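>>> model this:
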Amino acid sequence: SPLPLPLIHPFHPQALPPPALPLPLQPPSLHSSSPPLASARACAGEVKAMLGRSTMMRRLLLHRCPSSLAHPGRGGGLLVAFRPWNTRRKSTSAAGETAAAPAGRAADSNKAPLTYREKAGAYFQLAKPELSALVITTGTWGFLLTGCDNLAAGASTVSGLVLAAASAAAWNQASEVEHDRQMVRTRGRPLPSGRLTIRQAAGFSLTTGAAGVGLLTFGANPLTGALGLANIVLYGMAYTPMKRFSEYNTHVGAVVGALPVVVGWTGGGGAVDSAEPLVLFSILYAWQFPHFMGIAYKYRQDYKNAGYRMVTRDDEGAVRTSYWANCGAAVLCALPFVSCSMGMTSTMFIISSAIPNAALLHVCNKFAKKPSGRTANKLIGFGFVYLMVFLGLMFFHSTSAALEQHMDSVRNMMRRVGKQMCVHEIKLTGTPELCPVEPKSKAEKSLVLEAKSKGSKNTPQ
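Below is the predicted model:
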(Lines give C-alpha, C1' and ligand atoms only; values in the text may rest on other atoms or scores of the structure.)
Protein backbone atom coordinates (compact mmCIF):
# COMPACT_ATOMS: atom_id res chain seq x y z
CA SER A 1 0.00 0.00 0.00
CA PRO A 2 1.24 3.52 -0.59
CA LEU A 3 3.08 5.15 2.27
CA PRO A 4 1.51 7.92 4.36
CA LEU A 5 2.16 11.36 2.90
CA PRO A 6 4.49 12.75 5.61
CA LEU A 7 6.77 9.71 5.24
CA ILE A 8 7.22 9.99 1.46
CA HIS A 9 10.74 11.04 0.48
CA PRO A 10 10.68 14.19 -1.69
CA PHE A 11 12.34 12.38 -4.57
CA HIS A 12 10.33 9.17 -4.22
CA PRO A 13 8.36 8.20 -7.35
CA GLN A 14 5.14 8.54 -5.36
CA ALA A 15 5.93 12.20 -4.61
CA LEU A 16 6.64 13.46 -8.16
CA PRO A 17 4.12 13.51 -9.70
CA PRO A 18 1.35 13.01 -7.10
CA PRO A 19 -0.20 9.53 -7.16
CA ALA A 20 -3.34 9.02 -9.14
CA LEU A 21 -5.24 7.44 -6.25
CA PRO A 22 -6.27 9.13 -3.02
CA LEU A 23 -3.65 8.72 -0.34
CA PRO A 24 -4.71 6.93 2.83
CA LEU A 25 -4.02 8.39 6.21
CA GLN A 26 -4.71 11.89 4.97
CA PRO A 27 -4.33 14.56 7.68
CA PRO A 28 -7.70 15.14 9.30
CA SER A 29 -7.74 18.78 8.20
CA LEU A 30 -7.94 17.76 4.54
CA HIS A 31 -11.18 15.83 5.04
CA SER A 32 -12.88 18.57 6.99
CA SER A 33 -15.34 20.99 5.51
CA SER A 34 -12.89 23.87 5.87
CA PRO A 35 -11.89 25.84 2.78
CA PRO A 36 -9.06 24.38 0.64
CA LEU A 37 -6.61 27.16 1.53
CA ALA A 38 -7.16 26.66 5.28
CA SER A 39 -6.74 22.88 4.83
CA ALA A 40 -3.47 23.36 3.03
CA ARG A 41 -2.17 25.66 5.77
CA ALA A 42 -3.13 23.18 8.48
CA CYS A 43 -1.44 20.34 6.63
CA ALA A 44 1.62 22.48 5.97
CA GLY A 45 1.92 23.16 9.69
CA GLU A 46 1.82 19.46 10.51
CA VAL A 47 4.38 18.58 7.86
CA LYS A 48 6.66 21.44 8.93
CA ALA A 49 6.56 20.19 12.52
CA MET A 50 7.65 16.71 11.40
CA LEU A 51 10.36 17.90 9.04
CA GLY A 52 11.96 20.20 11.63
CA ARG A 53 14.74 22.45 10.42
CA SER A 54 16.21 20.29 7.67
CA THR A 55 18.02 22.42 5.10
CA MET A 56 16.95 20.21 2.22
CA MET A 57 13.34 20.16 3.27
CA ARG A 58 13.18 23.93 3.49
CA ARG A 59 13.81 24.01 -0.27
CA LEU A 60 10.53 22.22 -0.90
CA LEU A 61 7.11 23.81 -1.12
CA LEU A 62 3.45 23.00 -1.37
CA HIS A 63 2.16 22.04 -4.79
CA ARG A 64 -1.38 22.38 -6.03
CA CYS A 65 -2.82 19.16 -7.44
CA PRO A 66 -6.16 17.82 -8.76
CA SER A 67 -8.93 18.56 -6.34
CA SER A 68 -10.44 15.06 -6.50
CA LEU A 69 -7.34 13.63 -4.81
CA ALA A 70 -7.81 15.74 -1.72
CA HIS A 71 -11.56 15.36 -1.31
CA PRO A 72 -12.70 12.27 -3.23
CA GLY A 73 -16.27 12.50 -4.28
CA ARG A 74 -16.58 16.20 -3.45
CA GLY A 75 -14.48 17.57 -6.30
CA GLY A 76 -12.56 20.29 -4.51
CA GLY A 77 -9.54 20.76 -2.29
CA LEU A 78 -5.78 20.63 -2.02
CA LEU A 79 -3.30 17.84 -1.64
CA VAL A 80 0.14 18.36 -0.16
CA ALA A 81 2.93 17.08 -2.36
CA PHE A 82 6.60 17.98 -2.41
CA ARG A 83 8.50 19.58 -5.25
CA PRO A 84 11.92 21.23 -5.52
CA TRP A 85 11.65 24.99 -5.09
CA ASN A 86 13.08 25.74 -8.53
CA THR A 87 10.34 23.83 -10.38
CA ARG A 88 7.39 25.80 -9.06
CA ARG A 89 5.31 27.78 -11.51
CA LYS A 90 5.20 31.55 -11.49
CA SER A 91 1.43 31.53 -11.31
CA THR A 92 1.52 29.36 -8.19
CA SER A 93 4.08 31.67 -6.61
CA ALA A 94 2.08 34.79 -7.40
CA ALA A 95 -1.09 33.24 -6.00
CA GLY A 96 0.77 32.20 -2.86
CA GLU A 97 2.13 35.70 -2.33
CA THR A 98 -1.33 37.22 -2.79
CA ALA A 99 -2.88 34.83 -0.31
CA ALA A 100 -0.02 35.18 2.16
CA ALA A 101 -0.25 38.99 2.39
CA PRO A 102 -3.37 39.15 4.59
CA ALA A 103 -2.29 36.02 6.42
CA GLY A 104 1.03 37.67 7.28
CA ARG A 105 -0.71 40.66 8.82
CA ALA A 106 -2.99 38.40 10.79
CA ALA A 107 -0.02 36.38 11.99
CA ASP A 108 1.72 39.52 13.26
CA SER A 109 -0.91 39.90 15.95
CA ASN A 110 -0.38 36.29 17.07
CA LYS A 111 3.42 36.55 17.34
CA ALA A 112 5.12 35.62 20.57
CA PRO A 113 6.12 38.65 22.66
CA LEU A 114 9.59 40.00 21.98
CA THR A 115 12.39 39.24 24.37
CA TYR A 116 14.11 42.11 26.13
CA ARG A 117 17.03 41.83 23.74
CA GLU A 118 14.79 41.89 20.66
CA LYS A 119 12.81 44.82 22.00
CA ALA A 120 15.99 46.76 22.74
CA GLY A 121 17.16 46.06 19.18
CA ALA A 122 13.84 47.30 17.81
CA TYR A 123 14.09 50.56 19.75
CA PHE A 124 17.69 50.94 18.63
CA GLN A 125 16.61 50.57 15.01
CA LEU A 126 13.74 53.00 15.62
CA ALA A 127 16.33 55.65 16.57
CA LYS A 128 18.06 55.31 13.15
CA PRO A 129 21.64 54.72 14.35
CA GLU A 130 23.10 55.78 10.99
CA LEU A 131 21.49 59.20 11.44
CA SER A 132 22.79 59.40 15.00
CA ALA A 133 26.32 58.68 13.80
CA LEU A 134 26.16 61.61 11.39
CA VAL A 135 24.73 63.88 14.09
CA ILE A 136 27.49 62.89 16.51
CA THR A 137 30.16 63.65 13.93
CA THR A 138 28.88 67.04 12.83
CA GLY A 139 27.95 68.15 16.35
CA THR A 140 31.40 67.18 17.62
CA TRP A 141 33.14 69.17 14.88
CA GLY A 142 31.03 72.21 15.69
CA PHE A 143 31.90 71.91 19.38
CA LEU A 144 35.63 71.44 18.73
CA LEU A 145 35.84 74.50 16.51
CA THR A 146 34.92 76.69 19.49
CA GLY A 147 38.03 75.56 21.35
CA CYS A 148 35.97 74.78 24.46
CA ASP A 149 37.68 72.39 26.88
CA ASN A 150 34.66 71.79 29.13
CA LEU A 151 34.18 68.02 28.91
CA ALA A 152 30.84 68.08 30.73
CA ALA A 153 29.42 70.59 28.25
CA GLY A 154 30.78 68.56 25.34
CA ALA A 155 29.28 65.29 26.62
CA SER A 156 25.93 66.97 27.30
CA THR A 157 25.88 68.56 23.85
CA VAL A 158 26.68 65.38 21.94
CA SER A 159 24.39 63.18 24.07
CA GLY A 160 21.56 65.67 23.80
CA LEU A 161 21.98 65.79 20.03
CA VAL A 162 21.79 61.99 19.79
CA LEU A 163 18.61 61.86 21.89
CA ALA A 164 17.03 64.69 19.90
CA ALA A 165 17.87 62.91 16.63
CA ALA A 166 16.34 59.68 17.99
CA SER A 167 13.17 61.56 18.94
CA ALA A 168 12.84 63.08 15.47
CA ALA A 169 13.48 59.71 13.79
CA ALA A 170 10.80 57.96 15.89
CA TRP A 171 8.33 60.76 15.16
CA ASN A 172 9.04 60.41 11.47
CA GLN A 173 8.49 56.64 11.44
CA ALA A 174 5.32 56.84 13.53
CA SER A 175 3.88 59.24 10.94
CA GLU A 176 4.82 57.10 7.93
CA VAL A 177 3.99 53.52 8.89
CA GLU A 178 1.75 52.84 5.90
CA HIS A 179 4.19 54.47 3.50
CA ASP A 180 7.14 52.56 4.94
CA ARG A 181 5.23 49.31 4.53
CA GLN A 182 5.11 49.90 0.77
CA MET A 183 8.86 50.43 0.41
CA VAL A 184 11.33 47.56 0.18
CA ARG A 185 13.93 49.74 1.86
CA THR A 186 11.84 50.47 4.96
CA ARG A 187 9.35 47.62 5.35
CA GLY A 188 11.69 45.85 7.77
CA ARG A 189 11.65 48.72 10.26
CA PRO A 190 10.13 48.09 13.70
CA LEU A 191 6.73 49.68 13.00
CA PRO A 192 5.92 48.23 9.54
CA SER A 193 7.15 44.79 10.64
CA GLY A 194 4.95 44.86 13.75
CA ARG A 195 7.74 44.60 16.32
CA LEU A 196 6.67 47.91 17.88
CA THR A 197 3.38 49.79 17.93
CA ILE A 198 2.74 53.43 17.08
CA ARG A 199 1.98 54.07 20.72
CA GLN A 200 5.38 52.70 21.76
CA ALA A 201 7.11 54.78 19.09
CA ALA A 202 5.30 57.93 20.24
CA GLY A 203 6.31 57.28 23.84
CA PHE A 204 9.90 56.71 22.78
CA SER A 205 9.88 59.95 20.78
CA LEU A 206 8.51 61.99 23.70
CA THR A 207 10.94 60.45 26.20
CA THR A 208 14.08 60.88 24.11
CA GLY A 209 13.01 64.35 23.00
CA ALA A 210 12.46 65.57 26.55
CA ALA A 211 15.74 64.03 27.72
CA GLY A 212 17.69 65.45 24.77
CA VAL A 213 16.34 68.97 25.09
CA GLY A 214 16.89 68.84 28.85
CA LEU A 215 20.53 67.80 28.41
CA LEU A 216 21.15 70.53 25.85
CA THR A 217 19.47 73.15 28.02
CA PHE A 218 20.95 72.36 31.42
CA GLY A 219 24.18 70.69 30.32
CA ALA A 220 25.13 73.36 27.78
CA ASN A 221 22.92 76.47 27.65
CA PRO A 222 19.26 77.40 26.93
CA LEU A 223 20.04 78.56 23.38
CA THR A 224 21.40 75.13 22.53
CA GLY A 225 18.29 73.50 23.99
CA ALA A 226 16.03 75.77 21.94
CA LEU A 227 17.89 74.87 18.75
CA GLY A 228 17.57 71.15 19.56
CA LEU A 229 13.82 71.49 20.12
CA ALA A 230 13.43 73.48 16.90
CA ASN A 231 15.21 70.75 14.98
CA ILE A 232 12.85 68.05 16.32
CA VAL A 233 9.75 70.09 15.47
CA LEU A 234 11.07 71.00 12.02
CA TYR A 235 11.77 67.36 11.21
CA GLY A 236 8.43 66.05 12.42
CA MET A 237 6.07 68.86 11.41
CA ALA A 238 7.65 70.28 8.26
CA TYR A 239 9.95 67.82 6.51
CA THR A 240 7.95 64.62 7.18
CA PRO A 241 4.56 65.76 5.79
CA MET A 242 6.19 67.78 3.02
CA LYS A 243 7.57 64.61 1.43
CA ARG A 244 4.05 63.72 0.29
CA PHE A 245 3.18 66.86 -1.65
CA SER A 246 6.33 68.78 -2.65
CA GLU A 247 9.59 67.77 -4.28
CA TYR A 248 11.33 70.57 -2.41
CA ASN A 249 11.17 68.55 0.80
CA THR A 250 14.92 67.95 0.46
CA HIS A 251 15.54 71.69 0.79
CA VAL A 252 13.68 71.69 4.11
CA GLY A 253 15.29 68.44 5.21
CA ALA A 254 18.71 69.94 4.51
CA VAL A 255 18.00 72.56 7.18
CA VAL A 256 17.34 69.77 9.66
CA GLY A 257 20.58 68.06 8.69
CA ALA A 258 22.62 71.27 8.93
CA LEU A 259 21.45 72.41 12.37
CA PRO A 260 23.41 69.86 14.48
CA VAL A 261 26.75 71.50 13.67
CA VAL A 262 25.32 74.85 14.84
CA VAL A 263 24.03 73.15 18.00
CA GLY A 264 27.56 71.87 18.60
CA TRP A 265 28.94 75.37 18.08
CA THR A 266 26.56 77.00 20.55
CA GLY A 267 27.05 74.11 22.98
CA GLY A 268 30.73 75.03 23.13
CA GLY A 269 29.89 78.63 23.94
CA GLY A 270 30.10 80.04 20.43
CA ALA A 271 28.01 83.07 19.52
CA VAL A 272 25.12 82.31 17.18
CA ASP A 273 25.21 85.77 15.57
CA SER A 274 28.82 85.45 14.36
CA ALA A 275 30.08 84.40 10.93
CA GLU A 276 31.33 80.96 12.02
CA PRO A 277 27.96 79.23 12.56
CA LEU A 278 26.70 80.65 9.26
CA VAL A 279 29.63 79.11 7.38
CA LEU A 280 29.28 75.81 9.24
CA PHE A 281 25.55 75.71 8.51
CA SER A 282 26.24 76.44 4.82
CA ILE A 283 28.71 73.56 4.60
CA LEU A 284 26.25 71.01 5.99
CA TYR A 285 23.32 72.45 4.02
CA ALA A 286 25.15 72.27 0.69
CA TRP A 287 26.49 68.79 1.45
CA GLN A 288 22.95 67.38 1.82
CA PHE A 289 22.21 67.83 -1.89
CA PRO A 290 24.77 65.58 -3.58
CA HIS A 291 24.39 63.04 -0.79
CA PHE A 292 20.59 62.80 -0.65
CA MET A 293 20.11 63.19 -4.40
CA GLY A 294 22.10 59.99 -4.71
CA ILE A 295 19.84 58.30 -2.15
CA ALA A 296 16.68 59.60 -3.84
CA TYR A 297 17.81 58.31 -7.23
CA LYS A 298 18.88 54.91 -5.90
CA TYR A 299 15.49 54.32 -4.24
CA ARG A 300 13.41 56.32 -6.73
CA GLN A 301 11.01 53.45 -7.46
CA ASP A 302 10.50 52.82 -3.76
CA TYR A 303 9.70 56.48 -3.15
CA LYS A 304 7.29 56.50 -6.08
CA ASN A 305 5.45 53.38 -4.87
CA ALA A 306 5.05 54.93 -1.42
CA GLY A 307 3.64 58.16 -2.88
CA TYR A 308 6.54 60.45 -1.97
CA ARG A 309 7.13 63.41 -4.27
CA MET A 310 10.89 63.45 -4.63
CA VAL A 311 12.91 65.25 -7.30
CA THR A 312 13.55 61.87 -8.93
CA ARG A 313 9.84 61.03 -9.27
CA ASP A 314 9.38 62.17 -12.90
CA ASP A 315 12.98 62.98 -13.71
CA GLU A 316 13.90 61.04 -16.82
CA GLY A 317 17.66 60.86 -17.23
CA ALA A 318 18.22 62.38 -13.74
CA VAL A 319 18.50 65.87 -15.23
CA ARG A 320 17.11 67.79 -12.26
CA THR A 321 18.61 65.34 -9.78
CA SER A 322 22.14 65.83 -11.09
CA TYR A 323 21.53 69.59 -11.32
CA TRP A 324 20.86 69.89 -7.58
CA ALA A 325 23.78 67.58 -6.78
CA ASN A 326 26.14 69.75 -8.83
CA CYS A 327 24.74 72.93 -7.22
CA GLY A 328 25.61 71.60 -3.78
CA ALA A 329 29.11 70.61 -4.90
CA ALA A 330 29.70 74.07 -6.43
CA VAL A 331 28.72 75.81 -3.20
CA LEU A 332 31.09 73.58 -1.24
CA CYS A 333 33.93 74.53 -3.59
CA ALA A 334 33.29 78.23 -2.94
CA LEU A 335 33.03 78.04 0.85
CA PRO A 336 36.80 77.81 1.57
CA PHE A 337 37.24 81.22 -0.06
CA VAL A 338 34.41 82.59 2.09
CA SER A 339 35.83 81.20 5.33
CA CYS A 340 39.30 82.53 4.49
CA SER A 341 38.00 86.00 3.67
CA MET A 342 36.13 86.08 6.99
CA GLY A 343 39.28 85.17 8.89
CA MET A 344 37.99 81.78 10.05
CA THR A 345 40.72 79.78 8.31
CA SER A 346 44.12 80.33 6.83
CA THR A 347 44.79 80.52 3.11
CA MET A 348 46.09 76.96 3.21
CA PHE A 349 42.51 75.75 3.64
CA ILE A 350 41.74 76.92 0.09
CA ILE A 351 44.61 74.88 -1.31
CA SER A 352 44.20 71.73 0.77
CA SER A 353 40.42 71.57 0.25
CA ALA A 354 40.83 71.78 -3.52
CA ILE A 355 41.64 68.05 -3.67
CA PRO A 356 38.43 66.74 -2.02
CA ASN A 357 36.38 69.40 -3.81
CA ALA A 358 37.73 68.32 -7.20
CA ALA A 359 36.99 64.70 -6.33
CA LEU A 360 33.41 65.58 -5.36
CA LEU A 361 32.86 67.46 -8.62
CA HIS A 362 34.22 64.47 -10.52
CA VAL A 363 31.83 62.05 -8.80
CA CYS A 364 28.86 64.38 -9.39
CA ASN A 365 29.82 64.77 -13.04
CA LYS A 366 30.00 61.00 -13.52
CA PHE A 367 26.56 60.65 -11.98
CA ALA A 368 25.19 63.36 -14.29
CA LYS A 369 26.66 61.71 -17.40
CA LYS A 370 25.59 58.18 -16.53
CA PRO A 371 22.95 58.04 -13.78
CA SER A 372 22.62 54.54 -12.40
CA GLY A 373 22.48 52.69 -9.14
CA ARG A 374 26.25 52.23 -9.26
CA THR A 375 27.09 55.91 -9.74
CA ALA A 376 24.48 56.83 -7.11
CA ASN A 377 26.16 54.47 -4.64
CA LYS A 378 29.51 56.11 -5.34
CA LEU A 379 27.98 59.53 -4.74
CA ILE A 380 26.49 58.40 -1.42
CA GLY A 381 29.63 56.67 -0.18
CA PHE A 382 32.02 59.40 -1.22
CA GLY A 383 29.77 62.01 0.41
CA PHE A 384 30.54 60.63 3.88
CA VAL A 385 34.28 60.53 3.24
CA TYR A 386 34.24 64.03 1.79
CA LEU A 387 32.41 65.53 4.77
CA MET A 388 34.88 64.08 7.29
CA VAL A 389 37.89 65.26 5.29
CA PHE A 390 36.46 68.73 4.62
CA LEU A 391 35.53 69.41 8.25
CA GLY A 392 38.85 67.99 9.41
CA LEU A 393 40.78 70.34 7.14
CA MET A 394 38.69 73.27 8.32
CA PHE A 395 39.45 72.38 11.94
CA PHE A 396 43.16 72.00 11.20
CA HIS A 397 43.44 75.34 9.38
CA SER A 398 41.19 77.27 11.75
CA THR A 399 42.59 80.56 13.03
CA SER A 400 40.53 80.46 16.21
CA ALA A 401 42.38 82.04 19.11
CA ALA A 402 40.71 79.59 21.50
CA LEU A 403 42.22 76.66 19.62
CA GLU A 404 45.67 78.23 19.63
CA GLN A 405 45.65 78.43 23.42
CA HIS A 406 45.93 74.64 23.74
CA MET A 407 49.62 74.42 22.85
CA ASP A 408 49.94 70.72 23.69
CA SER A 409 46.98 69.59 21.61
CA VAL A 410 47.58 67.21 18.72
CA ARG A 411 46.26 69.80 16.29
CA ASN A 412 48.71 72.51 17.36
CA MET A 413 51.64 70.12 17.43
CA MET A 414 50.87 69.05 13.88
CA ARG A 415 50.54 72.68 12.84
CA ARG A 416 53.95 73.50 14.30
CA VAL A 417 55.51 70.65 12.38
CA GLY A 418 53.74 71.75 9.21
CA LYS A 419 54.91 75.31 9.62
CA GLN A 420 58.50 74.16 9.59
CA MET A 421 57.86 72.52 6.22
CA CYS A 422 55.66 75.28 4.83
CA VAL A 423 55.97 75.38 1.04
CA HIS A 424 52.64 76.71 -0.19
CA GLU A 425 53.25 80.44 0.19
CA ILE A 426 57.00 80.77 0.83
CA LYS A 427 58.28 78.56 -1.96
CA LEU A 428 55.41 78.60 -4.42
CA THR A 429 54.32 82.23 -4.33
CA GLY A 430 57.38 83.89 -2.83
CA THR A 431 55.18 85.85 -0.43
CA PRO A 432 55.88 84.45 3.04
CA GLU A 433 53.83 87.17 4.69
CA LEU A 434 50.73 85.27 3.54
CA CYS A 435 51.81 82.20 5.45
CA PRO A 436 49.62 81.78 8.54
CA VAL A 437 52.62 80.56 10.53
CA GLU A 438 55.00 82.72 12.46
CA PRO A 439 58.57 82.31 11.09
CA LYS A 440 60.82 80.46 13.51
CA SER A 441 64.15 79.83 11.80
CA LYS A 442 66.60 82.51 10.67
CA ALA A 443 66.07 81.55 7.04
CA GLU A 444 62.30 82.06 7.31
CA LYS A 445 62.73 85.38 9.09
CA SER A 446 65.16 86.60 6.43
CA LEU A 447 62.69 85.65 3.69
CA VAL A 448 59.93 87.57 5.45
CA LEU A 449 62.14 90.65 5.90
CA GLU A 450 63.25 90.47 2.27
CA ALA A 451 59.66 90.24 1.04
CA LYS A 452 58.59 93.17 3.20
CA SER A 453 61.50 95.28 1.98
CA LYS A 454 60.58 94.54 -1.63
CA GLY A 455 57.00 95.50 -0.89
CA SER A 456 58.05 98.79 0.70
CA LYS A 457 60.27 99.66 -2.30
CA ASN A 458 57.42 99.03 -4.71
CA THR A 459 55.02 101.14 -2.68
CA PRO A 460 54.66 104.66 -4.20
CA GLN A 461 55.81 107.49 -1.89
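>>> what stretches of this structure score poorly on pLDDT?
Scanning the chain with the threshold set as pLDDT under 70 gives 1-111, 402-461.
>>> Could you list the buried residues of stretch 192-205?
192-193, 195-196, 200-201, 204-205 (16 or more other Cβ atoms under 10 Å). For the C-beta atoms, the positions are set from N, CA and C on the backbone; glycine is no exception.
>>> which two from those end up farthest apart in space?
Pairwise distances across these peak at 18.1 Å for 193 and 205 (criterion: Cβ to Cβ).
>>> got the buried residues of stretch 192-205 as JSON lines, with secondary structure and distance to residue 336 columns?
Formatted as JSON lines, those follow (DSSP: H, G, I helix; E, B strand; the rest coil; distance: Cβ to Cβ, whole Å):
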{"residue": "192", "secondary structure": "coil", "distance to residue 336": "43"}
{"residue": "193", "secondary structure": "coil", "distance to residue 336": "45"}
{"residue": "195", "secondary structure": "coil", "distance to residue 336": "46"}
{"residue": "196", "secondary structure": "coil", "distance to residue 336": "44"}
{"residue": "200", "secondary structure": "helix", "distance to residue 336": "46"}
{"residue": "201", "secondary structure": "helix", "distance to residue 336": "42"}
{"residue": "204", "secondary structure": "helix", "distance to residue 336": "40"}
{"residue": "205", "secondary structure": "helix", "distance to residue 336": "38"}
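>>> correct me, but residue 306 touches residue 187?
No: using Cβ atoms under 8 Å, residue 306 is not in contact with residue 187, being 9.9 Å away.
>>> Need the overlap of contacts for these two.
residue 180 (Cβ atoms under 8 Å, 6 or more residues apart in numbering).
>>> So for those two, which sits in the more crowded spot?
Under the criterion of other Cβ atoms under 10 Å, the comparison of residue 306 against residue 187 puts residue 306 first, with 22 against 14.
>>> can you pull the contacts of the more buried one?
Applying Cβ under 8 Å, 6+ apart, the residues contacting residue 306 are 179-180, 182-183.
>>> and which of those is nearest residue 116?
residue 180 (24.7 Å).
>>> Please work out how many residues are found near the residue nearest to that closest one when sequence neighbours are not counted.
Nearest non-adjacent residue to residue 180, counting by Cβ to Cβ, 6 or more residues apart in numbering: residue 186, 3.9 Å away. Neighbourhood size, residue 186 [other Cβ under 10 Å]: 19.
>>> separation between residue 186 and residue 177?
From residue 186 across to residue 177, the span is 10 Å (Cβ to Cβ, to the nearest Å).
>>> which residues are in contact with both of those two?
Joint contacts of residue 186 and residue 177 (Cβ under 8 Å, 6+ apart) are residue 192.
>>> how many other residues sit next to the closest residue in space to residue 290 that isn't next to it in sequence?
Among residues not flanking residue 290 along the chain, residue 325 sits closest, at 4.2 Å (Cβ to Cβ, 6+ apart). The local packing of residue 325 (other Cβ under 10 Å) involves 30 other residues.
>>> Quickly find the element holding residue 325.
helix 319-341 (DSSP states H and E).
>>> sorry, back to before: in helices, which of the contacts of residue 306 appear?
Among the contacts of residue 306, the ones falling in helices (DSSP state H) are 179-180.
>>> Which one of the contacts of residue 306 is nearest to residue 211?
residue 180 (25.0 Å).
>>> Pull up the gap between the closest one and residue 198, please.
From residue 180 across to residue 198, the span is 12 Å (Cβ to Cβ).
>>> what residues are shared contacts of these two?
With Cβ under 8 Å, 6+ apart as the test, residue 180 and residue 198 both reach residue 191.
>>> got a list of contacts for stretch 345-363?
290, 326, 329-330, 332-333, 336-337, 339-340, 375, 378-379, 382-383, 386, 389-390, 393-394, 397-399, 424-425, 434, 436.
>>> actually stretch 273-284, not the one I wrote
Counting by Cβ under 8 Å, 6+ apart, 138, 141-142, 145, 254, 257-262, 265-266, 270-271, 331-332, 335, 338-339, 342, 344, 390-391, 394 sit against stretch 273-284.
>>> re earlier: just the buried subset of the contacts of stretch 345-363, please.
290, 326, 329, 332-333, 336, 339-340, 375, 378-379, 382-383, 386, 389-390, 393-394, 397-398, 424-425, 436.
>>> what's near enough to touch residue 249?
So residue 249 contacts 239, 242-243, 308-310 (Cβ under 8 Å, 6+ apart).
>>> My error: substitute residue 160 in the last question.
Residue 160 touches 211-216, 219-220, 224-225, 228, 267, counting by Cβ under 8 Å, 6+ apart.
>>> Phi and psi next, for residue 398.
phi -70, psi 140 (degrees, to the nearest 10).
>>> list the contacts for it?
Counting by Cβ under 8 Å, 6+ apart, the residues that residue 398 touches are 145, 344-345.
>>> most surrounded residue in those residues?
residue 345 (27 neighbours).
>>> For that one, give its distance to residue 177.
45 Å.
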